[in-house]
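coords please:
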Amino acid sequence: MTATAPTRPARESPTGRRYVQLVLVLGALIALGPLTIDMYLPAFPRIGDDLGASDSAVQLTLTGMLLGLAVGQLVIGPLSDAFGRRRPLMVGIATHAVASLACAVAPTIGVLATVRVVQGFAGAAISVVAMATVRDLFEGVAVARIMSRLMLVIGLAPILAPTIGGFVLTFTSWRGIFVVLAAAAVLLVGVAFLFLRETLPVDRRRPAGVRSSLAAYRELLRDRVFVALAVIGGSMMAAIFAYVSGAPFVLQDGFGLDTRTFGLVFGLNAAGLTLTSQVNPVLLRWFTVRQVLGGAIVGAGLAAAVLLTVGLTGAGGLVAVLVPLAVLVSTAGLALPNVPALALTRHGEAAGTAAAVLGCVQFGVGAVVAPLVGAFGSTTAAPMGAAMLAVTLLAGVLMFGVVRRERNPPRF
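Residues are numbered from 1 along each chain as shown. Here you go, the predicted model:
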């Protein structure tokens, strides 16, 4: 099935000062997700000690949030198409604040993992609404450009998050990290209320109800190129989550990095992702979105193969692990902005639902991959490299076997 004809943006695209304000507001909102994921990573060993949990059990708290993000987007996406963007967003941020406080007082690892699911479900509203808002206001290559700008803002979150988490740990226990997250969510409620206007007019909204939602999902899933793009985005995100889940144990337990050094390494990799995301708009002057995305996938696959080889042989030590990790994370700065640019342009009439599918696949695959990394010996890089290689190979097959073979693709 071919894509539906691209629809015009729901409102006039902002420019100048309004454009900058939109990027900053959406970036601040989306940053809450990486903060929620990354800020408590330095506390993984302490959480295990405090709650008497194994490494794999602690990793399930990350998996729980990813599952919540995946399922939540499937629910919230159609709601945002039916009721507008603002209301689901405000409810989601407020729920995130309450869930963060619940995490701070969790008595067992099971309770913590369960509440993290709720936290992820609430955070899904932020992810869906932000991406749908971009599609409401932009189309085509302009979506890739603004997503690249958002990656610059979002990139600050993973750079700062482990450092902030490590700093909080010097004054209090791991529970204090979730108190800080709750405070951030409360602040963002005010930011969204004051600075983010409704971008989906009433006359562009879809009917509410289960039947309408299922019809929208059925239409999306019949588009094989859209599905391939969703899985490509999920595969690239899964590689990142394999890194997020495995790096604390490989680098801290395996190589003996302390909390602050780990935060620095994590931040440098995030800086690489941020840098490549800003190179993306420059590359789009000479290459199509498809070409840039294909190159990023190839680069990620090569880096994953090197990492797996190093993990299996033990050659090269710490540097031999850090270099391919840095390369792989950096390729995400080229891949992640371009996937929604291609996918959302195909279904602008249901941007919230389309964004939900993209997000669900991204975080759903991540939720599956993350615990597998630690299941086969989390202090070596081999499981992490194997997972990364598997998902990047899948992305490559879909990119060059489905997306690049589409007849009459959009010319951008």
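
Please state the backbone phi and psi of residue 285?
phi -70, psi -30 (degrees, to the nearest 10).

nearest spatial neighbour of the residue nearest to the spatial centre of the chain, skipping sequence neighbours?
What sits nearest the mean C-alpha location of the chain, by CA atoms, centre = their mean, is residue 237, with 6.3 Å. Distances taken as CB to CB, 6 or more residues apart in numbering place residue 362 nearest to residue 237, at 4.0 Å, with adjacent residues excluded. C-beta coordinates here come from the backbone N, C-alpha and C atoms, glycine included.

Could I get the contacting residues of the one you found?
By CB atoms under 8 Å, 6 or more residues apart in numbering, the contact set of residue 362 is 70, 230, 233, 234, 237, 238.

and the fifth one, what does it touch?
This means residue 237. By CB under 8 Å, 6+ apart, the neighbours of residue 237 are 332, 336, 362, 363, 365, 366.

who's in contact with the second one?
Taking CB under 8 Å, 6+ apart, we find residue 336 in contact with 147, 151, 233, 236, 237, 277.

Pull the residues that contact the strand or helix carrying residue 281.
Element membership of residue 281, judged by DSSP states H and E, is helix 259-283. Applying CB under 8 Å, 6+ apart, the contact partners of helix 259-283 are 38, 41-42, 144-145, 148-149, 151-152, 154-160, 162-163, 165-166, 169, 243, 247-248, 251-252, 257, 292, 322, 325-326, 329-334, 336-338.

redo that, cut-off 7 Å
Outside helix 259-283, the residues that touch it by CB atoms under 7 Å, 6 or more residues apart in numbering are 42, 144-145, 148, 151-152, 155, 158-159, 162-163, 166, 169, 247-248, 251-252, 257, 292, 322, 325-326, 329-330, 332-334, 337.

What residues of stretch 160-168 count as buried?
Across stretch 160-168, burial judged by 16 or more other CB atoms under 10 Å covers 160, 161, 162, 163, 164, 165, 166, 167, 168.

just to revisit the earlier point, with secondary structure and distance to residue 310 added, can I get the contacts of residue 237 in TSV?
Output for these, formatted as TSV (DSSP: H, G, I helix; E, B strand; the rest coil; distance: CB to CB, whole Å):
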residue	secondary structure	distance to residue 310
332	helix	20
336	helix	25
362	helix	27
363	helix	28
365	helix	24
366	helix	23
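
which residues of the stretch 51-200 of the chain fall in helices?
In the stretch 51-200 of the chain, the helices defined using DSSP state H, counting those that start in this stretch lie at 55-83, 86-104, 109-137, 141-169, 175-195.

my guess is residue 228 meets residue 397, correct?
No - using CB atoms under 7 Å, residue 228 makes no contact with residue 397, being 9.2 Å away.

okay, those two: which has more neighbours?
Using other CB atoms under 10 Å, the more surrounded residue of residue 228 and residue 397 is residue 228, with 22 against 15.

what ranges of the stretch 301-412 of the chain fall below the confidence cut-off?
For the stretch 301-412 of the chain, applying pLDDT under 70 flags the ranges 367, 374-378, 409-412.

got any ranges where this protein has weak pLDDT?
Ranges of the chain meeting pLDDT under 70: 1-15, 153-159, 367, 374-378, 409-412.

burial measure for residue 307, as a count.
The burial count assigned to residue 307 is 28, neighbours taken as other CB under 10 Å.

what sits against the nearest residue to it once chain neighbours are set aside?
Closest residue to residue 307 apart from its sequence neighbours, by CB to CB, 6+ apart: residue 385 at 3.7 Å. Residue 385 is in contact with 304, 307, 308, 311, counting by CB under 7 Å, 6+ apart.
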